[in-house]
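>>> Return atomic coordinates for the entry below.
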Amino acid sequence: MKRFLSILCLLILSACHLRAQIPDTSDKPAVILFMLHNSTNKMESLQKQGLTAELRDVQQTDHEINSSIVRDFEKVFKFCPVYFFYDTQLHFVKNQQWESVQFFDYEHFKTNKKIEVSGFDQYIIAEVDYPPLPEYPTVDSAGKIHYPEYTVDYATARDYGILCYDKNYKLLRNKLQYTNISLRRYGNIFKPQTLYYRFVGALAFQEKLLKYFAKKK
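Model (predicted):
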């Protein structure tokens, strides 16, 4: 009997631990903290090699992609405020050291001025990146099959999507985890000066947020 009670307690504790590991997204976020990427390591390598032209190309690509992301959100995203920051400051965001993070909104991104913040309550961290690895059903010791709590259309995903994380930068374990977007290069390949990157995905992300949190009411 004692052995049975011990095993039962262990199972309960394990279940509680697993539940605690699942990010809580039951509350609507008051703000989205959106991480923009710069090819820092690649640029440092090119600079050390003295490859100035290649360095400028990488800087231009980063600027085009990040500017396009901000413009798309500025045009269509009304779900909640969006504050942008660069990946070099992710450590401060994870530790909620807000005074060390240089946040931008649509206006401040253009003027390069820092937004003064004192802290955030409910928020989601997001970024544009490759799709996460798919999760498959698992079978427990009793033979019961457990399916993922969400589904991701990996087959039709192109190269990138919007990934969402909790406050500890852990992927959300629900349908908000991944939103397929479009990030393509447009222009005439025979005229390099006409080539540019365009991001389209803020509206699809907003629609997923609206649908998800509508079910939480």
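>>> Buried residues in stretch 74-92, which are they?
By 16 or more other C-beta atoms under 10 Å, the buried positions in stretch 74-92 come out as Val76, Phe77, Phe79, Val82, Tyr83, Phe84, Phe85, Tyr86, Leu90. Heads up, the C-betas are built off the backbone N, CA and C, glycines and all.
>>> Who is Leu36 paired with across the strands?
On the basis of DSSP bridges, Leu36 is bridged to Tyr86.
>>> what's the offset of stretch 31-50 from the middle of its chain?
Here stretch 31-50 is found 17 Å from its chain centre; the criterion is C-alpha atoms, centre = their mean, to the nearest Å.
>>> C-alpha coordinates for that stretch, CSV please?
The C-alpha coordinates for stretch 31-50 follow below in CSV (Å, rounded to 0.1, in the frame of the first residue of the first chain):
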residue,chain,number,x,y,z
VAL,A,31,2.2,44.0,-25.9
ILE,A,32,4.3,41.9,-28.4
LEU,A,33,8.0,42.2,-28.0
PHE,A,34,9.3,41.5,-31.5
MET,A,35,12.9,40.5,-32.0
LEU,A,36,14.7,41.7,-35.1
HIS,A,37,17.8,40.0,-36.4
ASN,A,38,21.2,41.3,-37.5
SER,A,39,23.8,39.1,-39.0
THR,A,40,26.3,40.1,-36.4
ASN,A,41,28.7,37.2,-36.6
LYS,A,42,28.8,37.2,-40.3
MET,A,43,29.4,41.0,-40.4
GLU,A,44,32.3,40.6,-37.9
SER,A,45,33.9,37.9,-40.0
LEU,A,46,33.6,40.0,-43.2
GLN,A,47,35.0,43.0,-41.4
LYS,A,48,38.0,41.1,-40.2
GLN,A,49,38.7,39.8,-43.7
GLY,A,50,38.4,43.3,-45.1
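>>> What segments of the protein are helices?
For the chain, applying DSSP state H gives helices covering 2-21, 40-48, 52-76, 90-94, 106-111, 202-214.
>>> Reformat the ones you listed as CSV; add distance to His146 and mean pLDDT.
Converted to CSV, the helices of the chain look like this (distance: least, C-beta to C-beta, whole Å; pLDDT from 0 to 100):
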stretch, distance to His146, mean pLDDT
helix 2-21, 11, 41
helix 40-48, 38, 83
helix 52-76, 35, 91
helix 90-94, 29, 95
helix 106-111, 42, 76
helix 202-214, 21, 95
